[in-house]
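J.: Provided below are the primary sequence and the corresponding predicted coordinates.
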Amino acid sequence: MALNKQQWAAATQALPILEKKLEEKHCKLAATEGNRFRLAEKLADMPNVPVDPAKIADLFYSILVIDVNKVVNQPGYESSFFWQVKPPKLIAFERNKVRNTFATPTQPEKRERRVSTESSEERRENIQAMERVYDALGYISPRGSALRGFINEYKENSAYNTAEALKVVQKFDEERDWRVAVNFLQQHLAEVRA
């Protein structure tokens, strides 16, 4: 639908109002004939265009918002407007797009799976020996809870060598100071996990 003279005059007066609205949003539409033509073209396609420049400025603003949203939300859509200072939403979208284009996908580092050289029978016997040391403690203490956690970790991870663990548990059992004994277990686990 073509615009009448009053609507054209109001549209021309609406451009400075639109500029102020965009300035508040930290962006600026380039003052090109192409941008004006595209705004007028979109405005002419609307039914019941008002004669009030402020209302037409609101319509222009909504046209630009729709265009920016299409750029962001519809893959492959190219904006029909040229910006002197792009809207923050468009800047953020383009930064993210560039970041995703040039970023190399990171693959988790493949760690070699450790395989214990001991047989399942040796493993069972070593864990039972560690359990006997735990049972011999006979009471609840920091020493007992640390040893229980140590044994459980060895039960859960078949890649850990229980023969080495049994030596550490025996050293643990011989130590009189419980803090030093618990430190033996913690140091060994840290070495095994690394």
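T.: That came in fine, so what should we check first?
J.: contacts and neighbour counts: CA atoms only from here.
T.: Fine.
J.: Can you pull the domain assignment for this protein?
T.: In the domain annotation for the chain, the residue ranges read 5-102, 120-193 (automatic domain parsing).
J.: Pass me the low-pLDDT residue ranges in this protein, would you?
T.: Along the chain, segments meeting pLDDT under 70 span 1, 98-116.
J.: Where do the strands of it begin and end?
T.: Per DSSP state E, the chain carries strands over the ranges 28-29, 83-85.
J.: residues contacting Glu19?
T.: Contact partners of Glu19, counting by CA atoms under 8 Å, 6 or more residues apart in numbering, are 28-29.
J.: before we move on, what about Lys25?
T.: 87-88.
J.: before we move on, what about Ala30?
T.: By CA under 8 Å, 6+ apart, the contact set of Ala30 is 82-85.
J.: same check, this time on Lys89
T.: When contacts are counted by CA under 8 Å, 6+ apart, Lys89 touches Val68.
J.: now Ile151
T.: Ile151 touches 127, 130-131, counting by CA under 8 Å, 6+ apart.
J.: Okay, it and Leu15: tell me how far apart.
T.: The spacing between Ile151 and Leu15, counted by CA to CA, to the nearest Å, is 77 Å.
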